[in-house]
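Peer 1: Starting from these lines, generate the structure:
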Amino acid sequence: MSLREAVGGTLLGGLRGGVAGGATRSLSALVLGAADLLAAALAVGGAVALRTWLRGAPLYPTAIEAALAVWVLLRVFRGLYPGEGLAGPEELRACTMTTLSAGLVHVAVLFALQLRESRLVALGAWALLAVLSWTLRGVARRALVAAGLYGQPVVVVGGGPALDRFVSELTRHRELGLRPVAVFSDDHPPGAQVAGIPVAGPADLALDSAAPGVHHAVVALADADTDRAIDTAHAALRRYRTVTYLPASFRIAQLWVRPQAVGPFLTLRLQNNLADSLNMVLKRALDLGLGLPLLVLSAPCLAACALAVLAVDGRPVLYFQDREGKDGRRVRVWKIRTMVRDAEQRLQRVLQSDSAAREEWDRHMKLRRDPRLIPVVGSVLRRLSLDELPQLWNVVRGEMSLVGPRPFPDYHLARFPEDFRVLRRCVRPGITGLWQVTERSQADLARQAELDSYYIRNWSLWLDLWILLRTPGVVLSRRGAY
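Peer 2: Model prediction:
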């Protein structure tokens with residue numbers, strides 16, 4: 001069987017409507033570019049409208065067209081069109097820094113020209129653009145992903161557990177922009193499937209010639225002999241324009257890892273951002289800068305939630321539990337009460353009588369149909385995470401952070417290995433976290449530990465901001481919530 005025959009049918013199924021990989025990328029770039037232009041028009045229009053409302057006369061910022069052209073070029077050079085393969089925090093940093101750079105240059109020019117009124121309108125426009133461009137970009141990409149038009153097709157060459165995990169990650173998170181259309185592996189027979197992607201043949205078949213319409217190969221031989229993995233990557237590079245190599249060190253999982261050449265040697269430079277005292281000051285400043293206003297603004301919502309609990313199930317309306325925090329210190333975590341007063345007895349009765357519920361509890365430490373919840377009110381508060389709002393007080397007090405591993409009850413924490421519990425003690429627990437915005441309640445214990453470990457080892461202010469920006473959408477969508 002030739003490579004064209006092996007992959008051709010798969011590509012036709014993987015590329016929606018017969019659109020070739022290159023055309024798909026071009027379409028994605030155009031759609032995302034159009035979203036940016038719309039954001040720019042709305043930002044400038046909003047700033048001008050605000051100025052008109054305040055001063056009674058419109059004022060269009062000088063040279064905004066040239067500045068926006070520079071902004072678009074910066075984003076082109078940064079690879080944001082279409083931005084495939086960028087992790088969420090990296091993409092947020094790229095989007096923010098391009099907007100900040102273009103905006104600062106524009107305002108600096110207006111300042112030098114002493115155009116005071118114009119630079120005030122320009123400042124408003126760039127501030128709006130930072131928010132609108134990120135929001136509309138997300139909307140546009142979700143539409144592209146839903147239509148099957150985002151991402152470039154890739155073939156994956158590999159074997160072992162690393163292959164299965166990697167392909168599964170790409171298929172579950174299509175927003176990453178790498179769409180596996182065929183797998184080549186010596187570990188699986190042709191016609192088998194890896195995470196829903198068909199195996200087209202052995203690894204050598206992918207190296208004979210490039211797959212039709214595919215210019216990117218992924219070599220995922222992390223569990224194989226190092227020499228074989230490197231030779232395969234070099235052989236693939238002769239056939240494909242781009243090769244992504246998954247090394248055995250992928251288990252390090254460093255978001256901000258940087259390759260560094262030391263003479264003839266390739267090294268990976270890692271950094272523990274949590275060991276930098278300045279980073280901790282910035283994280284605390286973010287907690288106070290957002291946590292205190294949110295606490296004040298959420299007061300009416302807290303009062304409404306408390307009244308709802310009081311009306312349906314009486315007192316108390318607040319619930320607290322001492323849980324493990326940073327450095328192992330005990331933290332009194334506050335919540336709106338969502339469970340009936342005999343919650344523990346109800347849980348035990350269900351676990352003893354229902355084997356399926358017991359298995360679900362052992363995997364997630366949660367139940368989709370939780371018998372402990374206050375009727376209606378408890379379910380609504382839990383699904384919208386409104387019961388967590390009192391923890392903003394813990395954030396202001398410095399006992400918790402807006403973002404971090406969740407402060408698990410002791411019975412939940414006891415299910416994890418000790419090395420993971422030691423790692424968790426490096427940071428303050430958070431109201432929201434990485435697995436809350438990616439998996440939510442669908443994450444089992446192993447996935448919870450994996451994502452919390454990833455967050456701690458890859459922490460940066462950009463990662464926190466990315467999680468915070470995703471949290472409202474995830475909560476409102478109620479995806480995976482129970």
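Peer 1: Output stretch 32-52 in PDB, but only the C-alpha positions, please.
Peer 2: What follows is stretch 32-52, C-alpha atoms only, in PDB (Å, rounded to 0.1, in the frame of the first residue of the first chain):
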ATOM      1  CA  LEU A  32      -9.200  35.800  12.900                       C
ATOM      2  CA  GLY A  33      -7.800  38.800  11.100                       C
ATOM      3  CA  ALA A  34     -11.400  39.900  10.500                       C
ATOM      4  CA  ALA A  35     -12.200  39.500  14.200                       C
ATOM      5  CA  ASP A  36      -9.300  41.700  15.000                       C
ATOM      6  CA  LEU A  37     -10.400  44.400  12.600                       C
ATOM      7  CA  LEU A  38     -13.900  44.300  14.000                       C
ATOM      8  CA  ALA A  39     -12.500  44.600  17.500                       C
ATOM      9  CA  ALA A  40     -10.400  47.600  16.300                       C
ATOM     10  CA  ALA A  41     -13.500  49.300  14.800                       C
ATOM     11  CA  LEU A  42     -15.500  48.700  18.000                       C
ATOM     12  CA  ALA A  43     -12.700  49.900  20.200                       C
ATOM     13  CA  VAL A  44     -12.100  53.200  18.300                       C
ATOM     14  CA  GLY A  45     -15.800  53.800  17.900                       C
ATOM     15  CA  GLY A  46     -16.300  53.200  21.700                       C
ATOM     16  CA  ALA A  47     -13.500  55.500  22.600                       C
ATOM     17  CA  VAL A  48     -14.800  58.300  20.300                       C
ATOM     18  CA  ALA A  49     -18.400  57.800  21.600                       C
ATOM     19  CA  LEU A  50     -17.200  58.000  25.200                       C
ATOM     20  CA  ARG A  51     -15.300  61.200  24.400                       C
ATOM     21  CA  THR A  52     -18.400  62.700  22.700                       C
END
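Peer 1: in stretch 323-336, what's buried?
Peer 2: 323-326, 331, 333-336 (16 or more other Cβ atoms under 10 Å). All C-beta atoms are positioned from the backbone trio N, CA, C, and that covers glycine.
Peer 1: Name the secondary structure element that contains residue 47.
Peer 2: Per DSSP states H and E, residue 47 falls inside helix 21-55.
Peer 1: need the contact list for residue 432.
Peer 2: 402-403, 467-468, 471 (Cβ atoms under 8 Å, 6 or more residues apart in numbering).
Peer 1: Scan these and report the most crowded one.
Peer 2: When neighbours are counted as other Cβ atoms under 10 Å, the busiest of the contacts of residue 432 turns out to be residue 403, with 29 neighbours.
Peer 1: For the closest residue to residue 376 other than its chain neighbours, the count of nearby residues, please.
Peer 2: Nearest residue to residue 376, sequence neighbours excluded (Cβ to Cβ, 6 or more residues apart in numbering): residue 312, at 7.1 Å. Residue 312 is flanked by 13 other residues according to other Cβ under 10 Å.
Peer 1: So, low pLDDT: which residues of this protein?
Peer 2: Scanning the chain for pLDDT under 70 picks out 1-22, 210-211, 251-254, 441, 478-482.
Peer 1: where along it do the strands fall?
Peer 2: Assigned by DSSP state E, the strands in the chain fall at 152-158, 178-184, 193-194, 197-201, 216-220, 242-245, 258-262, 265-269, 318-324, 330-336, 401-403, 430-432.
Peer 1: What strands line up against the last one, and which way round?
Peer 2: The one in question is strand 430-432. Using DSSP bridges, the strands paired with strand 430-432 are strand 401-403 (parallel).
Peer 1: mind checking how far the strand it pairs with is from the chain centre?
Peer 2: When C-alpha coordinates are averaged (Cα atoms, centre = their mean, to the nearest Å), strand 401-403 and its chain have centres 15 Å apart.
Peer 1: which residues touch it?
Peer 2: Here strand 401-403 makes contact (Cβ under 8 Å, 6+ apart) with 283, 286-287, 290-291, 395, 427-433, 463-464, 467-468.
Peer 1: ok now do the residue nearest to residue 376, which residues does it touch?
Peer 2: Applying Cβ under 8 Å, 6+ apart, the residues near residue 312 are 374-377.
Peer 1: tell me which of those residues is nearest to residue 68?
Peer 2: Here the nearest of those to residue 68, counting by Cβ to Cβ, is residue 377; it sits at 48.5 Å.
Peer 1: I figured the closest one hits residue 308, correct?
Peer 2: Yes: when contacts are counted by Cβ atoms under 8 Å, residue 377 is listed as touching residue 308 (4.8 Å).
Peer 1: if we can go back for a sec, name the nearest of the contacts of residue 312 relative to residue 99.
Peer 2: Nearest to residue 99, judged by Cβ to Cβ, of the contacts of residue 312 is residue 377 at 42.0 Å.
Peer 1: Count the residues that sit near the closest one.
Peer 2: Using other Cβ under 10 Å, residue 377 is surrounded by 20 other residues.
Peer 1: who's in contact with it?
Peer 2: Counted by Cβ under 8 Å, 6+ apart, residue 377 has contacts 308-309, 312-313, 338.
Peer 1: how about 6 Å then?
Peer 2: 308-309, 312 (Cβ atoms under 6 Å, 6 or more residues apart in numbering).
Peer 1: try residue 447
Peer 2: The neighbours of residue 447, taking Cβ under 6 Å, 6+ apart as the test, are residue 439.
Peer 1: how near is it to residue 324?
Peer 2: Per Cβ to Cβ, to the nearest Å, residue 447 is found 20 Å from residue 324.
Peer 1: Also residue 410?
Peer 2: 7 Å.
Peer 1: Show me which positions of stretch 462-476 end up buried.
Peer 2: Neighbour counts using 16+ other Cβ under 10 Å place 462-471, 474-475 of stretch 462-476 among the buried residues.
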